[in-house]
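In: take a look and give me a structure for this.
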Amino acid sequence: MEAYISTIQEELECEVINIGGVGIHESVIVTLFISILLLVLGLVLTSGFRVENPSRRQLAVESFVLWLQKFFEGPLSPKGKRYAPYMMTIACYVALANIFYVFGIKPPTKDLTVTAALAVMSIVLVQMAGIQTKGVKGWLHSFLEPMPAMLPMNILELFIKPVSLCMRLFGNVLGAFIIMCMIEGLVRIIVPVPFSLYFDFFDGLIQVYVFTLLTSMYIAEAVE
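Out: Down below sits the predicted model:
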């Protein structure tokens with residue numbers, strides 16, 4: 001048991017790497033790497049696009065982007081579909097972050113500050129969407145709905161939503177790691193491989209779906 005606790009504590013500790021005398025958290029470096037990777041992939045995959053006689057690569061990329069866009073436009077509702085590109089970007093980042101453990105790199109989503117930052121960004125976007133759609137007066141009035149007595153609960157909800165998003169993503173990623181530690185402690189050969197692939201890929205993508213779906217629903221609620 002002490003060995004498991006020690007391993008979990010090591011995973012929770014975010015290493016600080018000194019670059020030019022400046023300490024940078026490991027999760028920040030991995031996040032920058034993922035951002036650069038997504039940028040490079042976008043430039044490479046979209047190079048040579050043309051209106052007439054598109055290549056198979058162009059058709060495949062456009063089909064994937066359109067599918068992903070429609071996927072998020074559904075829960076976002078017609079008024080919130082302009083926020084689909086943001087949701088698509090967050091989905092790609094979280095998906096890559098969750099599967100990086102396969103390559104021996106600690107996923108940044110294991111850092112509570114990273115999941116907290118993602119949650120705060122999403123909730124700020126939700127409130128800005130409400131203000132842009134309803135105006136400042138309409139947004140403030142929404143705190144009195146469905147009745148003025150709900151004002152304290154509606155204000156409290158501003159803090160509950162980001163905490164919920166943050167802890168759900170962080171807790172699920174950490175929970176998958178704890179289960180893998182227990183499996184590896186019982187059986188070290190062959191058996192952990194399929195479980196590792198499941199938690200790193202399938203379960204990681206499920207967390208992407210849950211995080212982005214909840215954020216999309218919050219945006220749709222704010223703009224309607």
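
In: and L174, how far from M167?
Out: L174 sits 10 Å away from M167, taking C-beta to C-beta, to the nearest Å as the criterion. The C-beta positions use only the backbone N, C-alpha and C, and glycine is treated the same way.

In: in contact with the spatially most central residue of the chain, which residues?
Out: Centroid check for the chain by C-alpha atoms, centre = their mean gives V94 as the closest residue, at 4.0 Å. Applying C-beta atoms under 8 Å, 6 or more residues apart in numbering to V94 gives the contacts 109, 118, 169, 207-208, 211-212.

In: surely it forms part of a helix?
Out: Yes. Under DSSP: H, G, I helix; E, B strand; the rest coil, V94 falls within a helix.

In: neighbour count: L174 and M167, which is higher?
Out: Legend: neighbour count by other C-beta atoms under 10 Å for L174 and M167, higher for L174 (18 against 15).

In: and the helix or strand harbouring the more buried one, how far out from the chain middle?
Out: Assigned by DSSP states H and E, L174 belongs to helix 151-186. Computed by C-alpha atoms, centre = their mean, to the nearest Å, the chain-centroid distance of helix 151-186 equals 12 Å.

In: stretch 49-57 now?
Out: Its chain's C-alpha centre and that of stretch 49-57 lie 31 Å apart, by C-alpha atoms, centre = their mean.

In: for stretch 16-26, same thing?
Out: Relative to the centre of its chain, stretch 16-26 is centred 24 Å away, using C-alpha atoms, centre = their mean.

In: buried residues, that stretch. List them.
Out: Buried residues in stretch 16-26, counted by 16 or more other C-beta atoms under 10 Å: 25-26.

In: which residues sit against that stretch?
Out: Stretch 16-26 is contacted from outside by 14-15, 29, 106, 108, 111, 113, using C-beta under 8 Å, 6+ apart.

In: who wins on neighbours among those?
Out: Neighbour counts for the contacts of stretch 16-26 (other C-beta under 10 Å) peak at P108, which has 29 neighbours.

In: now that one. Nearest residue, chain neighbours left out?
Out: Of all residues not flanking P108 in the chain, S27 sits nearest, at 3.9 Å (C-beta to C-beta, 6 or more residues apart in numbering).

In: that neighbour and T115 touch, don't they?
Out: No. In this structure, S27 is not within contact of T115 by C-beta atoms under 8 Å, at 9.8 Å.

In: of these two, which one has the most company?
Out: Neighbour count, other C-beta under 10 Å: between S27 and T115, T115 has more, with 28 against 22.

In: and that one, what does it touch?
Out: Counted by C-beta under 8 Å, 6+ apart, T115 has contacts 109, 165-167, 169-170, 173.
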